[in-house]
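Visitor: attaching a predicted model along with its sequence, questions to come.
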Amino acid sequence: MSTPVAAAPASSKADKPAEYRFKRHIWGQVFSTLGIGLIVIYCLAPFYWMLVSSLRPDSEIFDNSWWPANPSLENYEAVFSAKNNFVSGLVNSLIVSVAVTIIALAVATFTSYALARLDFRGKGMLLMLIIATSMFPLVAIIVPLLKNFSNWGWVDTYQAMIIPDLSFSLPLAVWNLTSFFRQMPQELEQAAMVDGCTPGQAFRKVILPLAAPGIFTTAIIIFIGAWNEFLVAVTMIKNPAMQPATVLLAKFTGATQFNTPFGSQMAAGVVMTLPLVLMVLFFQRRIVAGLAAGGVK
C-alpha cells in the first residue's frame, strides 16, 4: 500500500492574504503619517521662521540659525511704539473685517436659501454669474473704484474698504451656503409648518440652527480674507489714522531712510497672524463640521 502524502495545512494559504493586508495597512499608515507631517511642516515653516526672525535683534536678523542666539522683544516694542500707530491699524482691520463678515453673511444666508429652495428658470446661470463676479482681478477694477469713490467723497472712509471687500466675499459666501442648504431635505421645513410654524419661523428655528456649522465656516473664510486685504486699503486710504494693519505694516520705517526694519515687520506679521491661527485652532471642530455636515445630521 502506498503511504498517503500529508496535505499542506489549509491555514497557511489563508494566512497569507491576512498578513499581506496587515502589512499593507501598516505601510499605509506610515506613508499617511509622513505625508501629513510633510504638509504640516510645509505650512508652518514660514510662520515659524517669521516668529524666530521677530525675536532676533537687528544685528542678528540675517542669521540662519534655527533659534536666535540672543532672543529679544525689542521688535515687538517697536511695533507697538507710537511712531508706527499699529494698534490703531489693528482696530481698523477689526472694524472692517467684522463689518464685511456680518453684512456678507446676512445677505448670503437669505440669498443662498432662496437659491437652494426656489425653482425658477435660469437659476444655474444665475449661480454661475454670481461666482463669475469674483473672478475679475482686483487690480483691473481698482482705478475705476478709486475714481468713483473720489467723486462720492468716500476716500479715507471705512466704506471704501468694506464695499470692495463685500464684492469679493459675497459670491464665495453665496456659493458655499447654497451648496450647504441644498443638502438639507425640504421635509424639515414641511414638518415645522405642520407643527404650526410659518415659513419664516421654520427658517429661523429649524434651518438656521442646522446650518450653523456651514455659516460659521463661511464666516471664518470671509473674516480671514477681509483681515488680510491690502490692495484696496493702500489705494483708498491715505490718512494713517484710517489705514488697516496690513498697510501700516508695509510702511514701517527703520532707524535710517534706507534701513528696512525686517525684525519689526516680522513681529507685526506674527501679531496679525497669531489671532487667525488661534481662532482656527479653537474652532477647528466647527469648521470641520461645516465642511462635512449635511441636513441629515
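Guide: Yes, it's here.
Visitor: any low-confidence regions in this structure?
Guide: For the chain, the stretches with pLDDT under 70 are 1-16, 20, 22, 254-259, 284-297.
Visitor: can you check which helix is longest in it?
Guide: Counting residues, the longest helix in the chain under DSSP state H turns out to be helix 10-54.
Visitor: can you name every helix or strand that that one contacts?
Guide: helix 262-282 (3 or more C-beta pairs under 8 Å, 6 or more residues apart in numbering; DSSP states H and E). All C-beta spots, glycine's among them, are computed from the backbone N, C-alpha and C.
Visitor: packing partners of the helix it packs on?
Guide: helix 10-54, helix 74-79, helix 86-117, helix 208-227, helix 245-250.
Visitor: compare those helices and report which one is nearest to Ile163.
Guide: Ile163 lies closest, by C-beta to C-beta, to one member of those: helix 86-117, at 9.1 Å.
Visitor: buried residues in that closest one, which are they?
Guide: Buried residues in helix 86-117, counted by 16 or more other C-beta atoms under 10 Å: 86, 88-90, 92-94, 96-97, 99-101, 103-105, 108-109, 111-113, 115-117.
Visitor: got the domain boundaries for this structure?
Guide: Domain assignment for the chain, taken from the TED database, gives 19-73, 85-251.
Visitor: mind listing what Gly35 touches?
Guide: By C-beta atoms under 8 Å, 6 or more residues apart in numbering, Gly35 lies in contact with nothing.
Visitor: any idea how far Lys23 is from it?
Guide: Distance, Gly35 to Lys23, by C-beta to C-beta, to the nearest Å: 18 Å.
Visitor: now do the contacts for Gly225.
Guide: Gly225 neighbours (C-beta under 8 Å, 6+ apart): Asp165, Phe168, Ser169.
Visitor: the host helix or strand of the first one packs against which elements?
Guide: Meaning Asp165. Using DSSP states H and E, Asp165 falls within helix 159-182. Helix 159-182 makes packing contacts with helix 86-117, helix 123-132, helix 138-152, helix 208-227, helix 231-236 when contacts are defined by 3+ C-beta pairs under 8 Å, 6+ apart.
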